[in-house]
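Visitor: The following comprises the amino acid sequence and a computationally predicted model.
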Amino acid sequence: MNIIKASSPNFDARTLEISLLILHYTGMENGEVALSRMTDADAKVSAHYMVETDGRVFQLVDENKRAWHAGVSEWAGETNINSNSIGIEIVNGGHNVPLPNGDLPSYPDVQINAVIALSKDIMTRHSIGPFSVLGHSDIAPARKIDPGEHFPWAGLAAAGIGHWPQHITDDTRIVFERGDRDRGVSAVQSGLAHIGYGARVSGVMDEETVKIIEAVQRRYRPTRIDGVVDMQTMDIVKGLVEVKTSSFI
Ligand SMILES: [Zn+2]
């Protein structure tokens, strides 16, 4: 794999073993602007890699160093995600730079193929399982929505990166929505925490839980992101819990 060096001063020392791969979109006008920001010492942001829309891969930070891409985030009880992850920024304007008609800009195949090749290489070298490949929105659901509902997670899962729910129900009847208080909400929250999400078991569909449900939907059911626990969302959460329980991936 041809990798272009573009050194960033924005890194420090890792204090944890690498166990996660985090995918982002840049959310800026183009790759050039994103690269200049991530290599600017004043910006204090970076990632290990950036993948351009034409498939070119830039390396900004050595994998053994701690790049600054995650911000305030949490997964499986760990909050120092910069220290235990590798971050890939994928050039895409996302929600910040939509197309003139309002649609989200699609990720070209050549770019996604490069993301797949790079991710597989990283996963192999660091023994990162498919369940440990996450979106920024998974680790910071209250703040972040990248790489977005237009990111082809299903295609990545078909290539062995990430998980994609199979055989889920079409039933979208509402089970729990914002403000509901129920023992069942606690069960959903513990399920989310078991998957790895930074969910607290409060028994209430509070704002934090709604945001996590949105993150689950953004990734696993991109056609409808409403923060409501309907039958289908419930099915997706249950499926994720089962996969997580039945394997060590
Ligand atoms: Zn991000």
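Guide: Thanks, I have the structure now.
Visitor: Could you report the neighbour count for the closest residue in space to Ile174 that isn't next to it in sequence?
Guide: Closest residue to Ile174 apart from its sequence neighbours, by CB to CB, 6 or more residues apart in numbering: Asp230 at 5.2 Å. (Each C-beta comes from the backbone N, C-alpha and C, glycine too.) Counted with other CB atoms under 10 Å, residues neighbouring Asp230 total 21.
Visitor: What of Ser190?
Guide: Neighbourhood size, Ser190 [other CB under 10 Å]: 14.
Visitor: where's it relative to Glu242, distance?
Guide: Applying CB to CB, to the nearest Å, the value for Ser190 to Glu242 is 14 Å.
Visitor: At the contact with the ion, which residues of this structure appear?
Guide: Within the chain, the residues that sit near the ion (CB under 5 Å from the ion) are His24, His136, Asp146.
Visitor: What about those residues, which are in helices?
Guide: His136 (DSSP state H).
Visitor: who's in contact with the nearest residue to Asn2 once chain neighbours are set aside?
Guide: Leaving out its chain neighbours, the residue that sits closest to Asn2 by CB to CB, 6+ apart is Val57, at 7.1 Å. By CB atoms under 8 Å, 6 or more residues apart in numbering, the residues touching Val57 are Met1, Asn2, Ile3, Ile4, Tyr49, Met50, Val51, Ala114, Leu118.
Visitor: could you redo the last one with a cut-off of 10 Å?
Guide: 1-4, 49-51, 88, 111, 114-115, 117-118, 121 (CB atoms under 10 Å, 6 or more residues apart in numbering).
Visitor: cool, and Met1?
Guide: Taking CB under 10 Å, 6+ apart, one finds Val57, Ala114, Ala117, Leu118, Lys120, Asp121 in contact with Met1.
Visitor: Hmm, the fourth one is touching Glu63, no?
Guide: No - contact between Leu118 and Glu63 fails when scored by CB atoms under 10 Å: they sit 11.3 Å apart.
Visitor: Can you pull the residues that touch both of the two?
Guide: Residues within reach of Leu118 and of Glu63 at once, by CB under 10 Å, 6+ apart, are His48, Tyr49, Ile86.
Visitor: ok, the last one to Val185 distance?
Guide: Just to be clear, that refers to Ile86. Here Ile86 is placed at a distance of 34 Å from Val185 (CB to CB).
Visitor: part of a strand, is Arg66?
Guide: Yes - under DSSP: H, G, I helix; E, B strand; the rest coil, Arg66 falls within a strand.
Visitor: Spatially, which residue comes closest to Gly155, not counting chain neighbours?
Guide: Ile112 (6.5 Å).
Visitor: which stretches of this protein have low pLDDT?
Guide: The model of the chain has pLDDT under 70 over residues 248-249.
Visitor: again, 50 this time
Guide: Regions of the chain meeting the criterion pLDDT under 50 are absent.
Visitor: most centrally placed residue in it?
Guide: The chain has Gly135 as the residue nearest its centroid, 0.4 Å off, counting by CA atoms, centre = their mean.
Visitor: Quickly list what that one is bridged to.
Guide: Beta-bridge partners recorded for Gly135 (DSSP bridges): Leu23.
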